[in-house]
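# below: sequence and its predicted model.
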Amino acid sequence: VSIAPMLLVIFLLIYQFNISYKDKTFAHLTELVQKHKQNVDAFLNEKLAIIRFLAANYTIEQLNNRKFLQDQLLVLRKDYGNVFVDIGLISSSGKQLAYAGPYDLANADYSGAEWFKKATGLSYDISDVFTGLRGTPHFIVSVKISGDNDFYLVRATVDFEAFNYLVQNLRV
């Protein structure tokens, strides 16, 4: 008679402990995921802010100068490491007008690219990861600027390895 109530209490305690433990674990993992999401968002927003700064503080004539873009890319790489692979100015028709970077993309045509189509409808955009013309995974940060009754896109490629490094360091 005394063992039955004791076993019932033991099973209830184990059950309650199990529920409590699962809730605590889930809450902890939810908090970790939220912090990691904030870190990734901060990384992407920082890169976007840098390109927005370039687009807002320099004229289209300056941005259309290859040497000027090369100088800006060197400054970005000096300040932020090799996070930025290249930078360019693209017309509303999708033709790259000026380019600085390691690839031969000086006269690239992006008019059919999904990221370009999406970016033309927005003030600024961070694309999804894709392989594109260079054949390696990357993503584009772009900002639309107006000029001469038309618009242009200032776009920079963010190194996917730098992004991967950030994500790998966020593993649980």
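Happy to help now that I have it. From a predicted model like this one, the values you see are computed outputs, not experimental measurements. Residues are numbered from 1 along each chain as shown.
# what does residue 143 show for phi and psi?
Taking degrees, to the nearest 10, you get phi -130, psi 130 for the backbone angles of residue 143.
# what are the bridge partners for it, then?
Beta-bridge partners for residue 143, by DSSP bridges, are residue 124, residue 154.
# burial count for it?
Residue 143 has 23 neighbours, counted by other Cβ atoms under 10 Å. (C-beta placed from N, C-alpha, C; glycine too.)
# what segments of this protein are helices?
Per DSSP state H, the chain carries helices over the ranges 3-57, 60-63, 66-80, 114-120, 160-168.
# chain center to the third one, what's the gap?
The one in question is helix 66-80. Distance of helix 66-80 from the chain centroid (Cα atoms, centre = their mean, to the nearest Å) equals 19 Å.
# for residue 101, find the nearest of the helices of the chain.
Shortest distance between residue 101 and the helices of the chain, using Cβ to Cβ, is found for helix 66-80: 6.6 Å.
# and the closest one, what does it pack onto?
Packing partners of helix 66-80 (3 or more Cβ pairs under 8 Å, 6 or more residues apart in numbering; DSSP states H and E): helix 3-57, strand 84-91, strand 96-100.
# which one of those lies closest to residue 68?
Using Cβ to Cβ, the helices and strands packed on helix 66-80 put strand 96-100 closest to residue 68, at 8.0 Å.
# residue 155 and residue 125, how far apart?
9 Å (Cβ to Cβ, to the nearest Å).
# between the two, which is the more surrounded one?
Shown here are residue 155 and residue 125; by other Cβ under 10 Å, residue 155 has more neighbours (25 against 19).
# how about that one, nearest residue that isn't a chain neighbour?
residue 142 (4.1 Å; Cβ to Cβ, 6 or more residues apart in numbering).
# contacting residues around residue 163?
43, 139 (Cβ atoms under 8 Å, 6 or more residues apart in numbering).
# that concludes my questions; thank you for your assistance.
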